[in-house]
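[1] here's a sequence, model it:
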Amino acid sequence: MTPDAFLSLLHRHWPITLAALDDGRRARFGDALNDLAAAGNGKAVERALRTLRMQLRALPPTHPVARELSGTVRYAGVPRAVIVDRVMLGALLDVFADPPPGPGELRRAAHERLWETPALGPADLGRDAVRDPAAAGLIRLSHPGLADRYPRFQFAPGTARPLSVVCRVNHTLMAGKDPWGAADWWLGRNRWLAGIPAELLGAVPDEDLAQAALELVGGP
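    Model prediction:
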């Protein structure tokens, strides 16, 4: 991963990354950002980036930044004449001065991101769907003032028939109690699968998807 790709990854997920760091790591992260801004050669850039990555080791494995940096995604090192995107770095330094977002802000941001995924509404389920989507183990995302949404990946292409493996995995993920968390698992990069589970439906064996979900919850 190049330095600019690393900064871009941080920029996309900055609020939830900052909020996930404790005070000590957040302070060291800020120092490393300033070191990176002042770095004038490849070695100094490499040291600053290495420090940034060290602080990110505390992120939970389900965090989108942690998923991108773990598994097969490795930092490839820095060439001697590396050029860091100073505009993006400056943007990170600017927002770093603000207090981290609170739990409510993080929850709203995560919900808005997941709400945008292609989905079916209650009227779209029709005859193909079971009478009670919740009982079937489907993820139902509720939004104040709007109709419920059922993420599209849960259904066979072109139909409203639930995929059995999705219902099985949703049961493992306790989607009935935490539909947003289950949706985030399906739509985020998974280290065990080296991909995004929702995009791997039909491309990898169903047992691999089921096992990846069990790995998350600590099952056998």
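
[2] how is residue 157 assigned, secondary-structure-wise?
    Three-state assignment for residue 157 (DSSP: H, G, I helix; E, B strand; the rest coil): coil.

[3] check contacts around the residue nearest the centre of the chain.
    Central residue of the chain (CA atoms, centre = their mean): residue 64, 3.1 Å from the mean position. Neighbouring residues of residue 64 by CB atoms under 8 Å, 6 or more residues apart in numbering: 12, 13, 16, 188, 189. C-beta: built from backbone N, CA, C; applies to glycine.

[4] how does it look with 6 Å?
    Contacts for residue 64 (CB atoms under 6 Å, 6 or more residues apart in numbering) come out as 13, 188.

[5] next one, pLDDT for it please.
    Turning to residue 64, the model gives it a pLDDT of 74.

[6] for it, give its distance to residue 153.
    Distance, residue 64 to residue 153, using CB to CB, to the nearest Å: 17 Å.

[7] which elements pack onto the longest helix belonging to the chain?
    Assignment by DSSP state H gives helix 23-38 as the longest helix of the chain. Under the contact definition 3 or more CB pairs under 6 Å, 6 or more residues apart in numbering; DSSP states H and E, helix 23-38 sits against helix 42-55, helix 86-96.

[8] tell me which strands the strand ranked longest in the chain pairs with, and in which orientation.
    For the chain, the strand reaching the highest residue count under DSSP state E is reported as strand 146-151. Strand 146-151 has the following strand partners under DSSP bridges: strand 119-120 (antiparallel), strand 141-143 (antiparallel).

[9] worst mean pLDDT among the helices and strands packed on helix 23-38?
    Within the helices and strands packed on helix 23-38, confidence is poorest for helix 86-96, with a mean of 68 (mean pLDDT).

[10] wait, isn't residue 13 in contact with residue 65?
    Yes. Residue 13 is within contact range of residue 65, at 5.1 Å (criterion: CB atoms under 6 Å).

[11] what's the helix or strand for the residue nearest to residue 170 when sequence neighbours are not counted?
    Counting by CB to CB, 6 or more residues apart in numbering, residue 170 lies nearest to residue 137, which is 4.4 Å off, once chain neighbours are set aside. Of the helices and strands defined by DSSP states H and E, none includes residue 137.

[12] how far away is residue 137 from residue 179?
    According to CB to CB, residue 137 stands 11 Å off from residue 179.

[13] swap in residue 149?
    Note on residue 149: its distance to residue 179, by CB to CB, is 10 Å.

[14] then residue 90?
    Counting by CB to CB, the gap from residue 90 to residue 179 is 38 Å.

[15] okay, the two: which has more neighbours?
    The residue with more neighbours, out of residue 90 and residue 179 and counting by other CB atoms under 10 Å, is residue 179; that gives 22 against 11.

[16] and this protein, what are its domains?
    Following automatic domain parsing, one gets these domains for the chain: 3-101, 105-217.

[17] mind checking the SS state of the nearest residue to residue 200 once chain neighbours are set aside?
    Nearest residue to residue 200, sequence neighbours excluded (CB to CB, 6+ apart): residue 193, at 6.0 Å. Each residue gets one of three states, and residue 193 gets coil by three-state DSSP.

[18] tally of neighbours for residue 193?
    Residues near residue 193, counting by other CB under 10 Å, number 19.

[19] below-threshold pLDDT in the protein: ranges please.
    Residues of the chain meeting the criterion pLDDT under 70: 1, 40-41, 60-62, 70-86, 88, 91-110, 126-136, 219-220.

[20] great, nothing more from me.
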